[in-house]
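> I would like to see how this sequence folds:
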Amino acid sequence: MQQLFKHQIEGVEWLKARKKALLADEQGIGKTKQAVIVAGETSNGKDTLVICPASMKITWEREIHEVYPGDEVEIVGTKNKSKPAWYVINYDLLKKHMPYIQKLNVGTVILDECHFIKGPSIRSRLSLGICKYADRVYLLTGTPIMNRPEELFNLLKALDHELATGTYAWITYIKRYCNAYQRMGRGRTFWDTRGSSNIPELKEKIATIFLRREKKDVLDLPPKLKSKIVIEMDRQWKARYERAWDDYMEFLRQNPPDNLNNIIEARHLVELQKLKQVCSKAKIDRIIEDTENMIDGGEKVIIFTQYTETLTRLYNGLKKYGVTGISGQTPSDQRMANVDKFQNDPACMVFIGNTKAAGIGITLTAASKVIFADMLWSPTEHWQAEDRAHRIGTKQTLNVYYYLAKDTVEEDIMDLLEAKAKLIEALTSGTQTKRSRGQGVARELITKQWQRIHG
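Prediction:
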């Protein structure tokens with residue numbers, strides 16, 4: 001096992017002193033290793049259950065074996081081990097394997113990427129039920145508040161925190177910290193919990209079970225530099241975009257923001273995706289050209305996209321450079337082989353990943369360039385993806401490029417993402433004091449387009 005950094009040693013001691021805690025260190029400074037060490041040292045003969053995204057099961061198995069080479073690790077749903085000390089399962093398999101899990105002698109539960117249980121869902125309910133009966137519960141995430149304080153409530157509930165216990169805990173919490181109010185929608189009254197309020201107080205109340213360190217404070221990493229590359233679409237793609245834009249404007253006139261509910265908003269997202277896909281595909285040739293120039297300079301490059309067609313065309317255009325990558329269809333066992341190839345094979349110069357599938361749980365520190373061909377709706381998902389290459393092991397300045405199609409909806413999205421990023425940073429640091437109604441980026445974008453056509 002590699003020697004621990006000072007902040008990791010401190011993190012291990014901090015966790016050991018608490019039976020239930022949230023470790024929210026920024027991506028890339030070693031949360032997994034800290035949790036593995038603590039679980040192993042405090043097991044008292046009981047087993048440890050790790051619940052994580054499917055894409056991260058192999059990563060956990062590797063990390064456990066690195067720290068405790070002699071321990072058996074069972075990935076639940078595959079061939080059972082003889083007497084494992086560790087069990088690893090992904091959130092979406094909990095329901096299927098709950099009878100098996102209930103028979104285990106689990107003392108410690110680790111929820112990795114614990115924001116997966118932020119809302120009401122079967123995986124949230126099952127995860128919370130498992131945590132209730134564990135001796136120790138450790139939650140790990142680099143993004144503890146993905147967008148709003150309401151998303152922290154289930155995490156506090158998993159830790160049996162006072163703010164999330166009791167008959168009226170939810171109502172009390174959302175009124176105090178989410179600036180919640182009742183409004184009408186689809187013929188019924190419901191609580192709007194998208195806002196934020198009293199954040200310094202919230203931070204103070206969770207301080208005993210919440211630990212977050214940032215890379216700039218604990219690691220001497222090379223800098224991460226971000227740039228926006230605005231490109232002019234050629235005549236063909238501009239015409240396609242204008243046709244898609246006209247279609248969306250007509251849809252927007254028929255479905256104004258005042259009538260938004262979850263169903264109508266989902267239909268808006270479908271229409272907006274058509275605009276975003278045109279923009280993404282319009283940039284492919286330029287991205288390939290720029291990537292080739294980076295490779296000629298001896299740089300390894302990561303490219304992220306959310307669209308399968310963009311990923312496929314980039315892969316085909318760059319395959320002579322030993323390209324590898326991860327899409328949503330890549331089997332979990334193949335993921336790590338592809339990561340290892342990019343990290344260790346000098347002939348493999350390009351890694352192309354689906355932003356969601358490849359944006360968590362892997363290390364790609366061989367890269368010095370990261371390109372986003374298009375954007376998701378949350379800045380935190382971009383931060384997670386960026387930090388595949390900016391973490392322990394990074395040895396060179398990392399340049400991150402966001403490619404935007406000029407005079408398109410992408411420029412609006414970037415503006416809204418930057419504003420949302422400031423809000424999230426304020427919530428995480430506890431510096432925000434005023435009440436905020438905070439909407440999602442997609443909803444704000446819809447409103448912005450409506451205002452544009454109505455002056």
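> CA-only coordinates of stretch 138-145 in PDB, if you can.
Taking Å, rounded to 0.1, in the frame of the first residue of the first chain, the C-alpha atoms of stretch 138-145 are listed here in PDB:
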ATOM      1  CA  TYR A 138     -19.800   6.100   6.400                       C
ATOM      2  CA  LEU A 139     -21.100   8.200   3.500                       C
ATOM      3  CA  LEU A 140     -18.700   9.300   0.800                       C
ATOM      4  CA  THR A 141     -19.200  11.900  -1.900                       C
ATOM      5  CA  GLY A 142     -17.300  14.700  -3.500                       C
ATOM      6  CA  THR A 143     -20.500  16.600  -4.200                       C
ATOM      7  CA  PRO A 144     -22.600  16.500  -1.000                       C
ATOM      8  CA  ILE A 145     -25.000  19.100  -2.200                       C
END
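> and K132, how many residues sit next to it?
Residues lying near K132 (other CB atoms under 10 Å) number 12. For glycine as for every other residue, the C-beta is placed from the backbone atoms N, C-alpha and C.
> over to the one 10 residues further on?
For G142, the tally of surrounding residues (other CB under 10 Å) stands at 21.
> list the contacts of stretch 222-239.
The contact list for stretch 222-239 (CB atoms under 8 Å, 6 or more residues apart in numbering) reads 241, 278-279, 281-283, 286, 290, 386, 390, 394-406, 408, 411, 414.
> show the buried residues in these.
241, 278-279, 281-283, 286, 290, 386, 390, 394, 398-405, 408, 414 (16 or more other CB atoms under 10 Å).
> for the stretch 351-455 of the chain, just list every one of the strands.
Along the stretch 351-455 of the chain, the segments classed as strands by DSSP state E, counting those that start in this stretch run 369-372, 398-405.
> give me the most central residue, the protein.
In the chain, the C-alpha nearest the mean C-alpha coordinate belongs to E381, at 4.3 Å (CA atoms, centre = their mean).
> correct me, but that one touches A357?
No: with contact defined as CB atoms under 8 Å, E381 does not count as touching A357 (11.4 Å).
> run through this protein and note the low-pLDDT ranges.
By pLDDT under 70, the low-scoring segments of the chain are 1-2, 81, 144-147, 185-187, 259-261, 427-439, 453-455.
> show me how it divides into domains.
For the chain, automatic domain parsing gives the domain ranges 6-217, 224-237+282-411.
> and L152, how close does it get to L417?
From L152 over to L417 the distance is 21 Å, taken as CB to CB, to the nearest Å.
> and what of T397?
The gap separating T397 from L417 is 23 Å, by CB to CB.
> can you tell me what sits against stretch 53-65?
By CB under 8 Å, 6+ apart, the residues outside stretch 53-65 that reach it are 32-33, 36, 50, 52, 71, 73, 75, 86, 88-93, 112-113, 116, 326, 332-333, 335-336, 357, 360-362.
> if anything else comes up later, I'll come back, but that's it for now.
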